[in-house]
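Asks: Next comes the sequence, and after it the predicted model I'd like to discuss.
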Amino acid sequence: MATAATQDLQLTFAHDTANHTLVLGLGLTPAGDLAQLQGTALLTQRVMVFLAMPQGSDVYNPADGNAVFGVAGQASTSSGTETDAMIRAMLQSAEAAFLSGQNTAVATGDLTPDELAVSFGGPLLTHDPLTHAITVSFTVLSVTGASSQITTTLSALTAAAPATSST
């Protein structure tokens, strides 16, 4: 039996630099309706939410979230190769946890192949010496071979400001 495409509400992400917080909102269509995502776009959003959510912050699903979220704050106050190594380690840990967490959704038939990630690839790190923010770009590859480029900024307290594109 084929799995039907799942949909979820589109989220918007904004980085409140004054308060060092990530602000989530709901995406809207041009007509003003709530926007929905599916396929690779939904996979991209799930990865972004996972990376930006400290593990344990969801009281209903305390195992969900990025267990190494705090590395973002540590990395933004460090410098050079130490910073790059910390961020690469964070992404590797987050990738392993995210991919492992998909197993339940696969078993219950809640994911389509486009929504199932197989790997995160090639992080590119860019440092802003003025704000101490670090921009991280990487690719998420789905089972079908579709890929999505994710760019997010790590600042002193949070991972935020995602920009994504799907191919």
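Replies: Happy to help now that I have it.

Asks: Buried ones in the lengthiest helix in the chain, by neighbour count?
Replies: Longest helix of the chain, by residue count under DSSP state H: helix 80-107. For helix 80-107, burial by neighbour count (16 or more other Cβ atoms under 10 Å) applies to 83, 84, 86, 87, 90, 91, 94, 95, 97, 98, 102. (Each C-beta comes from the backbone N, C-alpha and C, glycine too.)

Asks: Same check on stretch 139-153?
Replies: Within stretch 139-153, the residues that count as buried by 16+ other Cβ under 10 Å are 139, 140, 141, 142, 146, 147, 148, 149, 150, 152, 153.

Asks: Filter the residues you listed down to the ones in strands?
Replies: 139, 140, 141, 142, 147, 148, 149, 150, 152, 153 (DSSP state E).

Asks: Got phi/psi on the residue nearest in space to the middle of the chain?
Replies: Most central in the chain under Cα atoms, centre = their mean is residue 48, positioned 1.9 Å from the mean C-alpha point. Main-chain dihedrals, residue 48, degrees, to the nearest 10: phi -60, psi -40.

Asks: And it, how far from residue 11?
Replies: 8 Å (Cβ to Cβ, to the nearest Å).

Asks: So residue 41 lies in a helix, does it not?
Replies: Yes - if the criterion is DSSP: H, G, I helix; E, B strand; the rest coil, then residue 41 is within a helix.

Asks: Tell me where the longest strand sits in the protein.
Replies: strand 117-127.

Asks: looking at it, residue 52 is touching residue 11, isn't it?
Replies: No - checked against Cβ atoms under 8 Å, the pair residue 52 and residue 11 is beyond contact range at 9.9 Å.
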